[in-house]
Each structure stands twice: as C-alpha cells, then as structure tokens.
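Student: sequence-free structure coming up:
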C-alpha cells in the first residue's frame, strides 16, 4: 500500500482545507546499473542511489511529525520508495511501503489527486527524489524505467513538466512540486526519436490555479547531488528552510511562506555548495507568498569563511548570542556553517598567525555570510 | 622535475592534447615513481616537463588541398576521416563482420582492447573544458580493465550505449558523492562513440567489411584520407625542423624551445635523481640532435625514443654530428652523454624505426604492440597504461 499517514484511510479529511502529500523516493532501479538481469538499452549508466530514498523518508517524517499549519493541517501522505521497505510511523504503527514502480505511482497519484480535488484551499504537495533527465521536458524515472521488454522504452517515465501543467485542472489552488532530480541531458536521450513521459493528468487552457510552483534540485542542464547514504543536498536545504531558516516575521509569529522558501532555498543551496565544494544549484522561482508552515522557531544559517587557506585552517571561531556560544576549532571543516536565532550576535575569529577579527551584527533569516577581512 | 617529454609531429594545443598531458603526467608519476636508473632513484615523480613546439610546426597554405582524396563513396561508410582509423582498428580485431554495435562486439571479445579504443576515442575527441575529466575517465577505465579483464556485467549487454554507461558506472561507483543523473564526460564520450557507430553503419556489409586480404586493402583504402593527412603533417614537421634548426652557435626556434624544457627539468631535479628524456616520434629525432650536437654537455641518464625515426635520419646522415664516413659494418657512435637508451617501435607504426643495427649502443631496442590499426598506432603508445608498465619493466632491467 502507499498510504503512510493517517493509519486509516477512513480518517482522511477532504472537505476541509488540508495538505495532502505524495512523496516518492527512487533509489533502486530494476533496469539501470551494473549487472541487472535486463538492462535498459539506453541510460543504463545511471547508478543506483542511496540518497533519494532517505530524502523521501525524511520529507515524509517531517510532514508527519513537524509540519504545522493551523489553517491547512496535514491531510494525508502517500509514500512510495524503492527499494520497497517497512517503515514504522511515529505512532508505532508499521507500514509496508510499496515499490515506486510506474504502476504504483499511477495508482497513488489517482488517490492523491482525488483528495486534492475536493477543496480549493487545500495544498497539493508532491515530492519526487530519484534520477531525472531533461530534453524538451524534465523527465522523472520510476524504479522500472527502461524495461527492455516494453516496445516503448519510455513507458515507465513521468513527464514532470506535463504533470505540473495537467494539475492545473485540480481544485487545489496551491500546488507545490519538489523535483529532487538531475536536469542534465544525456546524449542517448537526445538521439531518441520520441522521448516521452506520462503526465498522469491533463488540463485545458481554461484551467488555472492560484499558485503552481516547481522547486527543482538543479538548474537547467545541471545535476543534483547527495552524500552516499544521506539525504540529498536539496532535501537537506529544504529541511533547514522549513525548520526555520526560511521563516519571515508575520505579525507576532514567524512563518514560512512559499515566496521566502524559494529565495531561502537558493541561498542555502549556495552555501551548501561552498561547504561541500560541489556545483550545487537549484531552480526555485520567486512566487506569491502562501503560508506553508509555522516553524517552532526561526533560524539563521550562518557561514564563516576565511581567505587565504592558511587563515581558514587556523580559524578558531566563536559565535555568541544571548549568553551562549557555538564554536568551531581550527582544522574543522571550512567553510563552516551553523544555525543561530535571529537577533544580535557577536562573531569572532582568532588565528595563530593573523590578527583576530570580530563583528557585532544583527542576524536575519535566511542566511548570514561572514568573510572576516584580512 | 627530472623528466622531459618531447612531443612529435602533428601535435597541436587543443583539448585532446591537454587531456593527453593529464594522462601522461598521471601515468609517468604512477609507473616511474621509485625507479632507479644508473644508481639514481626517483624519490617521487613530480609533473614531467612538456616543452610544446607545435605552434612552430607545419602550416599548409591551401589547407592540404594538394592531397588527393580517394573515392570513398564506392566503399560506402560515412563519418569523419579521423573516426575511420578507430573503426578499422575494431574491424581488424574482429573475426566476424562488424555489425552495428562495434564497441560492444569488440569488448565481448577483448574487453581491455575495447577500453583502449574507447580511451583513445575519448582523448582525441575531448571537448574543451573537460580535459581533466576525460583524462580521469581514461585512467580509471584502463585501471579497471586491467583489474577486471572480463567483468561479469559485460555478458548480457548488446549495445555500445550500454557498454559506455556500464563502464562509466563501474569506474565511478565509489566515493562519497552521488549524482542523480549522468555527467558531461560520459556525454562527450557517447557523442564520439555515436560517430563511430554511424561510420560502422555505413561500413557494414561493404567490401571493406568482408573477411580476407581483399578486405584489408579495401580497409586501408577506406582510411586513406586520414593517412594522407598524417603523412602530410609528418613530412611538413620534419622539413620545418631540419630547415630551421640552426646549430649550437645559433639554435633555431624549435631547439630553443625544447632546450628550455631540458633546463627547466634539470633545475627541478633533486641531487641524486636521474635525468630522463622521452622523445615521441620527431621528438626523439629532435632530442637526439640536441643531445648529440646543440647541447652535448647535457648528461642524460636515460633516453627513451618511442615511435621515432632516430636511426632512419642517421642513415640519411641528417644530424649535425652525423659522420658520412661511418658506414657498415661500422655503426654510428651513440653519444657518450646519453648514458642509457631504450628505443620502442611498433611494426604497425609506419613512422617508427629500430635503432640497434645503426647505433653502436642501444640498451633495449624493443617492439611494443599498440594493438591498433596502421594509422592509429603512431599516436597510441602514451595513451595506454600497459606501455608505461612495460617501460618501467625495461628500466628495471637496465644495467
């Protein structure tokens, strides 16, 4: 089954505004990779992934345990993972999560779509993590993509661009798509006569919604990455942002809305790229603000980086705020990042061979980058 | 930096040259580290010096319009002239006719040779800004093929695309960072392989694809365009060198450039490290000329000439120190400042010559089989890791 939450499908509320989620994480591919019994005739050089199932699990867990929106409570989570696995929810119940094959995705999509289509104030939330390629559209690959027994080798493929367009027919006026996949183009795909993917839903020119936005884990033509066995970097950035880095003061409360989320994602991914020394990118378009989540507390992602390398290696960093300190010793990973609360802070860096530098400043979400002057 | 590599003919500073440099640096470091020559040992092998003289070499006023182009259409086959020798190499290696998936056909017969063909294709078709990545791929692919001569995953593949994808996966599926897609390097290599496949599609079933001696001559004719061009550049670079080399009182531009490389390498050498000069093709000829006349004061612990014409031009008495009176049964005297000499040639490399019957002291005059086709072999030695392994083995046997 693909219903992860609530435990009982009868408890799913659709006549009130809710957030209904479809979360997919594809790590194991039946026809891609070394030594598979029936290799795809093209794109078989795509490797199994150990980063995408953890990313999808993380998103599902966050929705289950941390998502907070008084006006649009959590309605349901459909979850598909590859390889299929048994998960234990926070209430202790276990779920046999199904394989993210095309057929299972299509069935889960229908259930998700039906819930989203019941109320215009509902948020439709779709997260996909796995392999992706781009030609004229962005294509997302389910676990059984490239089956050589199918006359159409694109039979098990999702057209993400078409899917987003098709969802304009859905009643849910706020639609958030998170495509955590590469957007580079493979020569093998370019030489195909008719690359194609399933939209899963169709719409017409007269269909429209208030907000439809796709947050993409890579810029056009670029790749998305993750560290072996951990969530993808895009997922990590998304979690940081949702948990407070993308918070904006709205009256007395801090809230994460879709507009700030977009700009915060770009800043956080940029910092992660510098920390990891990777060409990370994302494509999160600026859009109208719709409140998505009320975090427990706002956060500021702080990055400290020194030039030249010798200063970085010697840097002894102390960040002080409200009587407490966070430190990083010389020799630890540089650039260095941590999270502080918004407000006044004292940042100080001392060195063996150079003068100490400090700054007293006011920190605001989402990010604060300090490069102490030489 | 006690190693100097002097390149040969037809070398131009393009992406393929730069990618090739990365491969050479890595493989010289790997296989010469710790080597001992005449009691002097490389403590570690830093980057060799690569004096570049290609910008001083031949240019053609009418872009080689004087070279005849054979009637290729009657033999069928499209594709670049540069691609055809690759395909000829593959065809030569297969006992059956070619088929439309040449690389997987070769790989399932001889995986190591297929990887060498892929490596050469990748280097020669290297894209700008991907030189380092292409070199990394080539090094990793050859190391993998040496460790896994018959990988288990090869058996149920049927297409060149599957082969390249699986090979890339096999050599990159390590390390901490994963990408949710494929990369630029494999795209570049697949593009080159697609050219090969397109050429194969035209060749399949043609006269050049049939078995037997008739096919060999037709295959040669099919690749003639590339041979013409290579011969043109070969002779052109030779004439340019000999015509403008000057002498030890007024060295010409090419000797000056290469000698600066020698000086740089010697300055960077530690006190007890050997000084080694490696000359490929005309680079061997130039080095011999420099060491025997222009700078006979330089002591070279080891001279390695590869795919070179050193003995050939001594027979013609073209060096500054050549003595016309030295005739058989006598042999030309190997200069005393060349302490040891390894000469390498390939029977299939029409630009390579043996030395032992012309010079009185050549420590090793040895064949190396590049396992490639007539026109390809000359440029293949330094792209193949097993060449460096064999070189090191010979160095270890030196007196």
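Tutor: Here it is on my side, so go on. This one's a predicted model, so the numbers in the text were calculated from it and none came from an experiment. Residues are numbered from 1 along each chain as shown, chains lettered A, B, ... in the order given.
Student: tell me which parts of the stretch 51-200 of chain A are close to chain B?
Tutor: Within the stretch 51-200 of chain A, the positions adjacent to chain B are A:51-52, A:129-133, A:180-188, A:191 by CB under 8 Å from any CB of the partner chain. Just so you know, the C-beta spots here come from the backbone N, C-alpha and C atoms, and that holds for glycine as well.
Student: quick one: the strands in chain B?
Tutor: B:3-6, B:36-37, B:40-41, B:177-179, B:276-280, B:302-306, B:341-345, B:364-367 (DSSP state E).
Student: near chain A, which residues of chain B show up?
Tutor: So far as CB under 8 Å from any CB goes, chain B lies against chain A at B:152-153, B:156-159, B:161-162, B:164-166, B:168-170, B:172-173, B:175-184, B:186-187, B:190-191, B:194.
Student: residue A:15 versus residue A:31, what's the distance?
Tutor: 42 Å (CB to CB, to the nearest Å).
Student: more neighbours, these two?
Tutor: residue A:31 (24 against 8; other CB atoms under 10 Å in any protein chain shown).
Student: what's the neighbour count on residue 55?
Tutor: As the question left the chain open, I've gone with chain A. Residue A:55, neighbours per other CB under 10 Å, totals 32.
Student: let me rephrase: I mean chain B.
Tutor: 11.
Student: who's in contact with the nearest residue to it once chain neighbours are set aside?
Tutor: Nearest non-adjacent residue to residue B:55, counting by CB to CB, 6 or more residues apart in numbering or on different chains: residue B:13, 7.0 Å away. Residue B:13 makes contact with B:52, B:54, B:55, according to CB atoms under 8 Å, 6 or more residues apart in numbering or on different chains.
Student: adding pLDDT, write the residues you listed out as TSV.
Tutor: Listed next are the contacts of residue B:13 as TSV, based on pLDDT from 0 to 100:
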residue	pLDDT
B:52	95
B:54	91
B:55	90
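Student: now, which of these sits nearest residue B:235?
Tutor: residue B:54 (15.8 Å; CB to CB).
Student: isn't residue A:335 right up against residue A:275?
Tutor: Yes: in this structure, residue A:335 is within contact of residue A:275 by CB atoms under 8 Å, at 5.6 Å.
Student: and the helices in the stretch 101-250 of chain A?
Tutor: A:102-116, A:160-166, A:187-190, A:233-240 (DSSP state H, counting those that start in this stretch).
Student: helices or strands up against the first one?
Tutor: Pointing back at helix A:102-116 there. strand A:18-26, strand A:73-82, strand A:123-129 (3 or more CB pairs under 8 Å, 6 or more residues apart in numbering or on different chains; DSSP states H and E).
Student: and those strands as a markdown table, adding mean neighbour count and mean pLDDT?
Tutor: Output for these, formatted as a markdown table (neighbours: other CB atoms under 10 Å in any protein chain shown; pLDDT from 0 to 100):
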| stretch | mean neighbour count | mean pLDDT |
| --- | --- | --- |
| strand A:18-26 | 28 | 98 |
| strand A:73-82 | 24 | 98 |
| strand A:123-129 | 27 | 98 |
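Student: gap between the two ends of stretch A:22-39?
Tutor: 28 Å (CA to CA, to the nearest Å).
Student: try stretch A:230-248
Tutor: 28 Å.
Student: picking that back up, go through the helices and strands packed on helix A:102-116 and name the closest to residue B:230.
Tutor: So among those, strand A:18-26 is nearest, using CB to CB, at 49.0 Å.
Student: that closest one near chain B at all?
Tutor: No: in terms of CB under 8 Å from any CB, no part of strand A:18-26 sits within range of chain B; the closest distance is 9.5 Å.
Student: list the contacts for residue B:356?
Tutor: Applying CB under 8 Å, 6+ apart, the residues near residue B:356 are B:343, B:362, B:365.
Student: ramachandran angles for it?
Tutor: phi -60, psi -30 (degrees, to the nearest 10).
Student: that older thread, just put the contacts of residue B:13 in CSV and tack on distance to residue B:30.
Tutor: Output for these, formatted as CSV (distance: CB to CB, whole Å):
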residue, distance to residue B:30
B:52, 23
B:54, 26
B:55, 29
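Student: from those residues, which is closest to residue B:29?
Tutor: residue B:52 (19.5 Å).
Student: residue A:353 reaches residue A:316, doesn't it?
Tutor: No: assessed by CB under 8 Å, residue A:353 is found out of contact with residue A:316, at 11.9 Å.
Student: any residues in contact with both of residue A:335 and residue A:275?
Tutor: residue A:303.
Student: which of the helices of the stretch 101-250 of chain A sits closest to residue B:230?
Tutor: Nearest of these (CB to CB): helix A:187-190, 28.4 Å.
Student: about what we covered before: neighbour-wise, give me the winner out of the contacts of residue B:356.
Tutor: residue B:343 (25 neighbours).
Student: leaving out the residues flanking it, which one is nearest to that one?
Tutor: That would be residue B:355: by CB to CB, 6+ apart, it lies 4.3 Å from residue B:343.
Student: who touches the one you found in this structure?
Tutor: Residue B:355 neighbours (CB under 8 Å, 6+ apart): B:305, B:310, B:311, B:341, B:343, B:362, B:365.
Student: C-terminal to the helix or strand residue A:318 falls within, what's the next element?
Tutor: In this assignment (DSSP states H and E), residue A:318 forms part of strand A:316-321. Next helix or strand after strand A:316-321 toward the C-terminus (DSSP H and E): strand A:324-328.
Student: can you list the strands that that next one pairs with?
Tutor: Pairing partners of strand A:324-328, with direction, according to DSSP bridges: strand A:316-321 (antiparallel).
Student: among the helices of the stretch 101-250 of chain A, which is the most enclosed?
Tutor: helix A:233-240 (a mean of 25; mean count of other CB atoms under 10 Å in any protein chain shown).
Student: so that helix versus strand A:123-129, what angle?
Tutor: 140 degrees (axes from the mean of the first three to the mean of the last three CA atoms, to 10 degrees).
Student: relative orientation of helix A:233-240 and strand A:18-26 in degrees?
Tutor: Using the same axes, to 10 degrees: helix A:233-240 against strand A:18-26 is 150 degrees.
Student: helices or strands next to helix A:233-240 in the packing?
Tutor: helix A:52-65, strand A:174-180, strand A:225-227, helix A:258-276.
Student: report the contact partners of residue A:242.
Tutor: Counted by CB under 8 Å, 6+ apart, residue A:242 has contacts A:62, A:66, A:256, A:261, A:292, A:293, A:295.
Student: contacting residues for the closest residue to the second one other than its chain neighbours?
Tutor: Excluding the flanking residues, the one nearest residue A:66 by CB to CB, 6+ apart is residue A:243, at 7.0 Å. The neighbourhood of residue A:243, defined by CB under 8 Å, 6+ apart, consists of A:66, A:295, A:296, A:299.
Student: can you find the helix or strand in the chain with the smallest mean pLDDT?
Tutor: No chain specified, so I'll use chain A. Using mean pLDDT, DSSP states H and E, the weakest-scoring helix or strand in chain A turns out to be helix A:187-190, at a mean of 80.
Student: hmm, no, I was thinking of chain B.
Tutor: helix B:213-222 (a mean of 55).
Student: ok so, going back, which one of the contacts of residue A:243 sits closest to chain B?
Tutor: residue A:66 (24.6 Å; CB to the nearest CB).
Student: report the closest residue of the stretch 1-150 of chain A relative to chain B.
Tutor: residue A:45 (2.3 Å).
Student: give me the residue at the spatial middle of chain A.
Tutor: In chain A, the residue lying closest to the centroid (CA atoms, centre = their mean) is residue A:235, at 3.8 Å.
Student: do you know how far that residue is from chain B?
Tutor: From residue A:235 over to chain B the distance is 11 Å, taken as CB to the nearest CB, to the nearest Å.
Student: that residue: what's it in contact with?
Tutor: A:54, A:55, A:58, A:59, A:129, A:180, A:226.
Student: low-confidence bits of the stretch 151-300 of chain B, can you list those?
Tutor: Flagging of the stretch 151-300 of chain B using pLDDT under 70 yields the residue ranges B:174-175, B:202-228.
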